[in-house]
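K.L.:
give the three-dimensional model of this entry:
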Amino acid sequence: MTYGNPWQSYRQVATTTAPPGHLVLMLYDGAIRFLNGALAGFDLDDPLEFHQTINNNLLRAQDIINELNASLNMQAGGEFSERLRALYIYFDRRLQESNVQKDPAGIREVVQRLTVLRTAWHEMLGKSVEGAPPLPQVTPGHVSLEATG
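P.N.:
Sure, this is the predicted structure:
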């Protein structure tokens, strides 16, 4: 009998048994983790590693953001869902630009804004989600949710 990666098994069980609100937190955390991985790629000296690390992490973060966008209930969410959709589309565009230009500024901006959304979502859930994971570590700073450009 072969045993798979225990971490992979844990994550699979966690995602299939978590309440929907907790899943959104997990998606935000995953996107932030991949964006931080892309930012770490800017410190690499090898050109191939530099490009692959940034590209692969940005693509994975974009997949998560696009999943968050696709899962919005536009009928039930009304204006709130419309605003979130606009933000997710903006995030995706900024990450595409950052990937093509290899510019970390857009990635940092999306990390900050996703962290604000993650914090707000966590606070909104409040006590309804017991054992929600702690907030990811990010550089503090004032962040506006207004999309620009």
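
K.L.:
CA only for contacts and neighbour counts going forward, please
P.N.:
Noted.

K.L.:
before we move on, what SS does residue 81 have?
P.N.:
helix (DSSP: H, G, I helix; E, B strand; the rest coil).

K.L.:
grab the nearest non-local neighbour of it.
P.N.:
Of all residues not flanking residue 81 in the chain, residue 74 sits nearest, at 5.6 Å (Cα to Cα, 6 or more residues apart in numbering).

K.L.:
surely the one you found meets residue 84?
P.N.:
No: counting by Cα atoms under 8 Å, residue 74 does not reach residue 84; the two are 9.9 Å apart.

K.L.:
one step back: can you give me phi and psi for the residue nearest to residue 81?
P.N.:
Main-chain dihedrals, residue 74, degrees, to the nearest 10: phi -70, psi -30.

K.L.:
rewinding a little: looking at residue 74 and residue 84, which is more packed in?
P.N.:
Shown here are residue 74 and residue 84; by other Cα atoms under 10 Å, residue 84 has more neighbours (18 against 14).

K.L.:
in which helix or strand would I find that one?
P.N.:
Using DSSP states H and E, residue 84 sits in helix 74-101.

K.L.:
give me the distance from that helix to the chain's centre.
P.N.:
In terms of Cα atoms, centre = their mean, to the nearest Å, the centre of helix 74-101 is found 12 Å from the chain centre.

K.L.:
buried residues in that helix, which are they?
P.N.:
81-82, 84-85, 87-92, 94-96, 98-99 (16 or more other Cα atoms under 10 Å).

K.L.:
ok, stretch 112-132 next?
P.N.:
Quick answer for stretch 112-132 (16+ other Cα under 10 Å): 112-119, 121-122, 129, 132.

K.L.:
out of the residues you listed, list just those in helices.
P.N.:
Using DSSP state H, 112-119, 121-122 are the members of the buried residues of stretch 112-132 that sit in helices.
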